[in-house]
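J.: how would this look folded up:
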Amino acid sequence: MKRGRLPLTALRSFEAAGRLGSFTEAAAELFVSQAAISRQIRDLEALIGKPLFERHHRSVSLTADGETLLTVLTHSFDRIGDSLDALSGARRAGTLKVSAEPSFAGCWLVPHLAQFQAENLEVDLVIDADPRLVEFRGNEAEVAIRHSTRFTSWPRVEARHLADVEMIAVMAPSLAPRVLREPLDLLRYGLLHEDTRGLWEQWFAAAGAGEVRVERGAIFADGALVLQAALRGHGVALMDRDHVRDDLDAGRLVQAFDVSIPYGAFWLVARRFDALSEPARRFVAWIERCYPRQKGA
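T.: Predicted coordinates for the structure are as follows:
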């Protein structure tokens, strides 16, 4: 198709809808109505003579042709956006925005940032503690740290394994009795939970306590809040071993029983690692060097 006939508006609408998996979210991103998105995509499908989406009752999914077109468009629009940002200076030199899981940000990243800043005085960091996936567009983060119990890759981005997560039971020394005879003794001290109580049930099973129904205990939105509660003696917490290593070494927390359970992994994510800015490259190199598992801890 000749360049002069390219339906750019329709292509932009399709790219947003395909990338987000939703006509509604595409409409919000592009500041138009959902009806406008639907019309543009119908016109595009009529032009090429093939369906790009499968319409379901309350959702849409890309066809194979839609997937092919989306890959080309997303890559092309990203390159155009990067070029415009470079020409306009939209990303200020020396500034790096990092998106991180709240638990990772609060438990490990923020406590260790002074080391990165001491080695990179000219880099100004912006830490966005948000569990949502970023698209790495516009003013969004350039690097993200994500946790997943299932996924090892995500569409249209590159991911590097940072560390596996190993959960252990910890408590403040003031709360810990001299002798814990069996795992079920922990129920007397109150259990702290991140998001759900189900993880403790897995820990008790791994500890040989059988099927334990955990129905009580405070639930917190992220691990950093759980850690603060544990440090203050509010209960027993399941925490990533790497995130409480300093507290264990300093005696602020003690581990209850030599039991751990796997809980997914942390991943470094970027649109393209070979195209990162100099501050982002330095950050990635630093965290791969300093995060505990990377040192074989």
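J.: can you give me the end-to-end distance of stretch 55-68?
T.: 18 Å (C-alpha to C-alpha, to the nearest Å).
J.: With Leu276 as the reference, measure out to the residue nearest to Gln34 when sequence neighbours are not counted.
T.: Ranked by C-beta to C-beta, 6 or more residues apart in numbering and with sequence neighbours excluded, the top spatial neighbour of Gln34 is Ala27, at 4.4 Å. C-beta coordinates here come from the backbone N, C-alpha and C atoms, glycine included. Note on Ala27: its distance to Leu276, by C-beta to C-beta, to the nearest Å, is 31 Å.
J.: who's more crowded, these two?
T.: Ala27 (20 against 17; other C-beta atoms under 10 Å).
J.: ok but the more buried one is inside a helix, no?
T.: Yes. Under DSSP: H, G, I helix; E, B strand; the rest coil, Ala27 falls within a helix.
J.: Touching, it and Arg39? I think so.
T.: No. With contact defined as C-beta atoms under 8 Å, Ala27 and Arg39 do not form a contacting pair (11.1 Å).
J.: where do the contact lists of those two overlap?
T.: Contact criterion C-beta atoms under 8 Å, 6 or more residues apart in numbering; residues shared by Ala27 and Arg39: none found.
J.: tell me which residues in stretch 137-154 are buried?
T.: Buried residues in stretch 137-154, counting neighbours by 16 or more other C-beta atoms under 10 Å, are found at Arg137, Ala141, Glu142, Val143, Ala144, Ile145, Arg146, His147.
J.: TSV please, covering those and showing distance to Ala224, pLDDT and secondary structure.
T.: Formatted as TSV, these follow (distance: C-beta to C-beta, whole Å; pLDDT from 0 to 100; DSSP: H, G, I helix; E, B strand; the rest coil):
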residue	distance to Ala224	pLDDT	secondary structure
Arg137	27	74	coil
Ala141	18	90	coil
Glu142	23	91	coil
Val143	20	95	strand
Ala144	17	95	strand
Ile145	14	96	strand
Arg146	16	94	strand
His147	13	94	strand
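J.: Ignoring the adjacent residues along the chain, who's closest to Ala237?
T.: Take Ala237 and drop its neighbours on the chain: the residue closest to it by C-beta to C-beta, 6+ apart is Ala230, 3.9 Å away.
J.: Where does the one you found sit: helix, strand or coil?
T.: Going by three-state DSSP, the state assigned to Ala230 is helix.
J.: quick one: Leu192 from Pro183, how far?
T.: From Leu192 over to Pro183 (counting by C-beta to C-beta), the distance is 16 Å.
J.: and the two? which has more neighbours close in?
T.: Using other C-beta under 10 Å as the criterion, Leu192 and Pro183 rank with Leu192 on top: 27 against 20.
J.: okay, now Ser33: neighbour count?
T.: Using other C-beta under 10 Å, Ser33 has 12 neighbouring residues.
J.: Now do the contacts for the nearest residue to it once chain neighbours are set aside.
T.: If you skip the residues right next to it in sequence, Ser33 has Ala27 as its closest partner in space, 5.8 Å away by C-beta to C-beta, 6+ apart. For Ala27, the contact set (C-beta under 8 Å, 6+ apart) comprises Ser33, Gln34, Ala36, Ile37.
J.: Swap in 10 Å and give it another go.
T.: Listed by C-beta atoms under 10 Å, 6 or more residues apart in numbering, the contact partners of Ala27 are Ser13, Ala16, Ala17, Leu20, Ser33, Gln34, Ala35, Ala36, Ile37, Ser38.
J.: Any stretches of the stretch 1-150 of the chain with poor pLDDT?
T.: 86, 88-93, 138-139 (pLDDT under 70).
J.: mind listing the strands for it?
T.: Assigned by DSSP state E, counting those that start in this stretch, the strands in the stretch 1-150 of the chain fall at 53-55, 60-62, 95-100, 124-129, 143-148.
J.: a markdown table for those, including distance to Val284?
T.: Compiled in a markdown table, the strands of the stretch 1-150 of the chain are given as follows (distance: least, C-beta to C-beta, whole Å):
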| stretch | distance to Val284 |
| --- | --- |
| strand 53-55 | 36 |
| strand 60-62 | 31 |
| strand 95-100 | 10 |
| strand 124-129 | 13 |
| strand 143-148 | 6 |
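J.: Number of residues surrounding the closest residue to Glu140 other than its chain neighbours?
T.: Spatially, and ignoring its direct neighbours in sequence, Glu140 is nearest to Val134 (4.7 Å; C-beta to C-beta, 6+ apart). The criterion is other C-beta under 10 Å. On that basis, Val134 has 20 neighbouring residues.
J.: Let's see the pLDDT reported for Gly208.
T.: With respect to pLDDT, Gly208 scores 93.
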